[in-house]
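**Student:** what's the 3D shape of this:
(chains A and B)
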Amino acid sequence: MKKTMITAATFVLLGGAAVAQDGSNLVINDELPMVTEAAAPAHLSEVLDTIYSGWRFRTPETQALQIDDFDNPGMIFVDAALDAYGTVEGAAGESCQSCHGEVGTFEGLRTKMPKFNAEAGTLWSMEDYVNNCRTERMQADAWQWSGADMQGMVALIAHQSRGMLMDVDITGPAQSWWELGREMYYTRYGQLELSCANCHEQNYGSMIRADHLSQGQTNGFPTYRLKQARLISQHNRFRGCIRDTRAETFAEGSDAFRALELYVASRGSGLSVESPAVRQ
Amino acid sequence: MAKGVKPRVKVPKTVAAGDVITIKTLISHPMESGQRKDKEGNVIPRSIINRFTCDFNGTNVLDVKLDPAVSTNPYFQFEARVPEAGEVRFTWYDDDGSVYETRKSIAIA
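**Tutor:** From the prediction side, this is the model:
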């Protein structure tokens, strides 16, 4: 299906299909410029020329919410997480702060997530690191993967890297995970037989019913979704997408979703971390 | 007692006398409407911010009555003319009797 979308901004011709994302620049609080458009990483050279942040596909009203932190509803959760960061919890009498110091020390970490944890011998998402600290060092209860407290904390840590460019490591022990994630990305799931690539690589910019398809980049996660009025984890969104193909989905925090998280993150290498982003 | 209540305001620090400025305010608050029930079927008691006021140097600028239909984290944005340097005071009144107050001073450039 070829569909021409004309917006007030520019549109780019790619592979014969008209693809629309707007030409706006994202500058947060009038001082922090964000990279929302970049040359595609080398491993995508055969399928994409340019990668775009999901921000570029949203309506001006939604985009505006992310331009000023005061208007960004995600920041409420980041602020709440900052309080939790300094709160002692669990039998060991520790808070996040008592080991890690100021939260600013996490600067840059989000750009590398998920990453291979040599000690555990497996790929870890930020949620795994948070829960490991909670159960091992604090002797507190683990948080649910997509719970408000967990995603608030993940957003707080990710927020320290805002504006920095995504740059996950896909070599060495992470490579097999990356390959598994790539295989998932191109596998058709569900009764509708849709792969991630069908929508987010081959048809981004088009409308899928009322929804404007983005490239499915993950640089803004955890993302404040207006639809749910809370911070949404990457795995929650993966689950939502696979569910919409009418398939049985994988569990949040499963190895499959960790692998997919790594692969999708690698497709966005070069885009700014926007956490917490605001989306539809 | 509502948890995690935190007022925030955004006011320019300096303005020219007589300028109209935009003021943004937000208070994080669950705004429990009193219409919902918990898992056992008991009504969750109403707990909302029921009044919001803004004063400038003791003169009232805005006085708003809030009702249960107002959503979580009530946000107000309004414009006001600033005739002189002074202090803006924002006050939120909670159903539980708590009063949350924030002050911001404005200088004339």
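**Student:** so where's chain A shaky on pLDDT?
**Tutor:** Low-confidence segments of chain A, defined by pLDDT under 70: A:1-19.
**Student:** also chain B?
**Tutor:** Looking at chain B by pLDDT under 70, you get B:1.
**Student:** could you check how far the residue of it positioned farthest from its centre is from residue B:32?
**Tutor:** The centre of chain B is farthest from one residue, residue B:40, which by CA atoms, centre = their mean lies 33.2 Å away. From residue B:40 across to residue B:32, the span is 16 Å (CB to CB, to the nearest Å). The C-beta positions use only the backbone N, C-alpha and C, and glycine is treated the same way.
**Student:** residue A:132 now?
**Tutor:** In terms of CB to CB, residue A:132 sits 34 Å off from residue B:32.
**Student:** now do residue B:71
**Tutor:** 11 Å.
**Student:** of the two, give the one with the bigger neighbour count.
**Tutor:** Higher neighbour count among residue B:71 and residue B:32: residue B:32, with 16 against 9, using other CB atoms under 10 Å in any protein chain shown.
**Student:** that one pairs with what?
**Tutor:** In this entry, residue B:32 is beta-bridged to residue B:47, by DSSP bridges.
**Student:** am I right that it is in contact with residue B:46?
**Tutor:** Yes: assessed by CB atoms under 8 Å, residue B:32 is found in contact with residue B:46 at 6.2 Å.
**Student:** check contacts around the residue in the stretch 101-250 of chain A positioned nearest to chain B.
**Tutor:** Nearest residue of the stretch 101-250 of chain A to chain B: residue A:229, at 7.5 Å (CB to the nearest CB). Shown in contact with residue A:229 (CB atoms under 8 Å, 6 or more residues apart in numbering or on different chains): A:73, B:72.
**Student:** enumerate the residues of chain A near chain B.
**Tutor:** A:70, A:71, A:73, A:76, A:79, A:80, A:83, A:229 (CB under 8 Å from any CB of the partner chain).
**Student:** need the buried ones from those selected in PyMOL.
**Tutor:** Applying 16 or more other CB atoms under 10 Å in any protein chain shown to those, the buried members can be selected in PyMOL as follows:
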select buried, chain A and resi 70+71+73+76+80
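**Student:** the residues of chain A next to chain B in helices, which ones?
**Tutor:** A:76, A:79, A:80, A:83 (DSSP state H).
**Student:** is residue B:107 bridged to anything, and to what?
**Tutor:** residue B:14.
**Student:** same check on residue A:32?
**Tutor:** Residues in beta-bridge contact with residue A:32 (DSSP bridges): residue A:28.
**Student:** doesn't residue A:162 make contact with it?
**Tutor:** Yes: between residue A:32 and residue A:162 there is a contact at 7.0 Å, judged by CB under 8 Å.
**Student:** between those two, which is the more surrounded one?
**Tutor:** Neighbour count, other CB under 10 Å: between residue A:32 and residue A:162, residue A:162 has more, with 20 against 12.
**Student:** measure the more buried one to residue A:176 for me?
**Tutor:** Distance from residue A:162 to residue A:176, by CB to CB: 31 Å.
**Student:** check residue A:133 too.
**Tutor:** 26 Å.
**Student:** please say which of those two ends up with more neighbours.
**Tutor:** Counted by other CB under 10 Å, residue A:133 and residue A:176 do not tie: residue A:133 has more neighbours, with 17 against 12.
**Student:** may I have the secondary structure class of residue A:177?
**Tutor:** Per DSSP: H, G, I helix; E, B strand; the rest coil, the local secondary structure of residue A:177 is helix.
**Student:** ramachandran coordinates for the residue farthest from the centre of chain B?
**Tutor:** phi -80, psi 0 (degrees, to the nearest 10).
**Student:** for residue A:243, list the residues it contacts.
**Tutor:** Neighbours of residue A:243 in contact, by CB under 8 Å, 6+ apart: residue A:249.
**Student:** next, it: secondary structure please.
**Tutor:** Strictly by three-state DSSP, residue A:243 counts as helix.
**Student:** do you know how far it is from residue A:236?
**Tutor:** Residue A:243 is 10 Å from residue A:236, by CB to CB.
**Student:** can you check residue B:74 too?
**Tutor:** On the measure of CB to CB, residue B:74 and residue A:236 end up 27 Å apart.
**Student:** over to residue A:213?
**Tutor:** Residue A:213 is 19 Å from residue A:236, by CB to CB.
**Student:** get me the contact residues on chain B for chain A.
**Tutor:** B:4, B:6, B:8, B:10, B:24, B:26, B:28, B:72, B:73.
**Student:** what about the second one, how many neighbours?
**Tutor:** The tally of other residues near residue B:6 (other CB under 10 Å) stands at 15.
**Student:** that one - nearest residue in space that isn't next to it in sequence?
**Tutor:** residue B:28 (4.9 Å; CB to CB, 6 or more residues apart in numbering or on different chains).
**Student:** and what of the fifth one?
**Tutor:** Here the nearest residue to residue B:24 in space, its sequence neighbours aside, is residue B:10; by CB to CB, 6+ apart that works out to 4.3 Å.
**Student:** endpoint to endpoint, stretch A:184-198 covers what distance?
**Tutor:** 12 Å (CA to CA, to the nearest Å).
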